[in-house]
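*Asks:* I need the structure of the sequence given here:
(one chain, ligands or ions: 1)
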Amino acid sequence: MKNVLIVYDSKFGNTKKLANEIAAGIHEAGGIQCKVENIKDLDKGEVASFDAVLFGCPVHIMRATRGITGAIKKASKEGLDGKIVTTFETYMGNHDGKALRKMEALLMKKAPGARLVAPGFSALVDGYEGPLNAEDAVKGKEFGKTIGLELLK
Ligand SMILES: Cc1cc2nc3c(=O)[nH]c(=O)nc-3n(C[C@H](O)[C@H](O)[C@H](O)COP(=O)(O)O)c2cc1C
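*Replies:* Presented below is the predicted three-dimensional model:
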């Protein structure tokens, strides 16, 4: 069975919620196991056993968080070759896409052997602390399904 790891950073819980929506979409694709994990719980060597690894964070000052870039570097060192990788972000204002592009550029640099699916997914939050925008939560689930189907190809 295919196995997906979704690694997220989150201050108020909205990016975690988005990670869970994406996981629900991946499950809908059928026959895929999915683990959703906070960056703080990412164990050494853990990424090796997964077929795809997703990285997501909130946009902080128009950038990806240090926590998620650290997780990308750690995972890249441990080997993302041949794995599907993609990214997601939550944002409040008009800066959607900035954190995604940072994460994508870092993945291309640190893990050139990975199969990057870009662009990743941007979801709006309806306030600094959330909640996650309802329409974008649905779209996040659809994004997950797309990734799941890509993995099953
Ligand atoms: C320190 C900080 C900086 C932020 N900077 C931005 C920003 O530049 N652009 C933006 O759209 N949202 C910004 N936000 C809002 C976050 O994107 C929002 O709090 C986040 O998406 C919520 O996700 P979380 O619950 O997973 O932390 C910022 C939030 C914090 C705490």
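*Asks:* Contacts made by the helix ranked longest in the chain with the rest, please.
*Replies:* In the chain, with assignment by DSSP state H, the single longest helix is helix 134-152. Outside helix 134-152, the residues that touch it by Cβ atoms under 8 Å, 6 or more residues apart in numbering are 2, 4, 17-18, 21-32, 51-52, 54, 84, 86, 88, 117, 121-124. C-beta coordinates here come from the backbone N, C-alpha and C atoms, glycine included.
*Asks:* separation between Ala64 and the ligand?
*Replies:* Counting by Cβ to the nearest ligand atom, to the nearest Å, the gap between Ala64 and the ligand amounts to 11 Å.
*Asks:* where does the residue nearest to the spatial centre of the chain sit relative to Arg66, distance-wise?
*Replies:* By Cα atoms, centre = their mean, the mean C-alpha position of the chain lies nearest to Phe55, the distance being 3.0 Å. Phe55 sits 13 Å away from Arg66, going by Cβ to Cβ, to the nearest Å.
*Asks:* who's in contact with the residue of the chain positioned farthest from its centre?
*Replies:* For the chain, the C-alpha farthest from the mean C-alpha position belongs to Gly127; by Cα atoms, centre = their mean, that distance is 20.8 Å. Gly127 makes contact with Met92 under the criterion Cβ under 8 Å, 6+ apart.
*Asks:* Are we agreed that it is in a strand?
*Replies:* No: assessed with DSSP: H, G, I helix; E, B strand; the rest coil, Gly127 is coil; it does not lie in a strand.
*Asks:* Could you shift the numbering so residue one becomes 30, and keep it that way?
*Replies:* OK, 30 is where the count begins now, so the last one is Gly156.
*Asks:* Pop out the phi and psi values for it.
*Replies:* Main-chain dihedrals, Gly156, degrees, to the nearest 10: phi 160, psi 160.
*Asks:* and it, how far is that from Ile97?
*Replies:* 21 Å.
*Asks:* before we move on, what about Leu136?
*Replies:* From Leu136 to Ile97 the distance is 11 Å (Cβ to Cβ).
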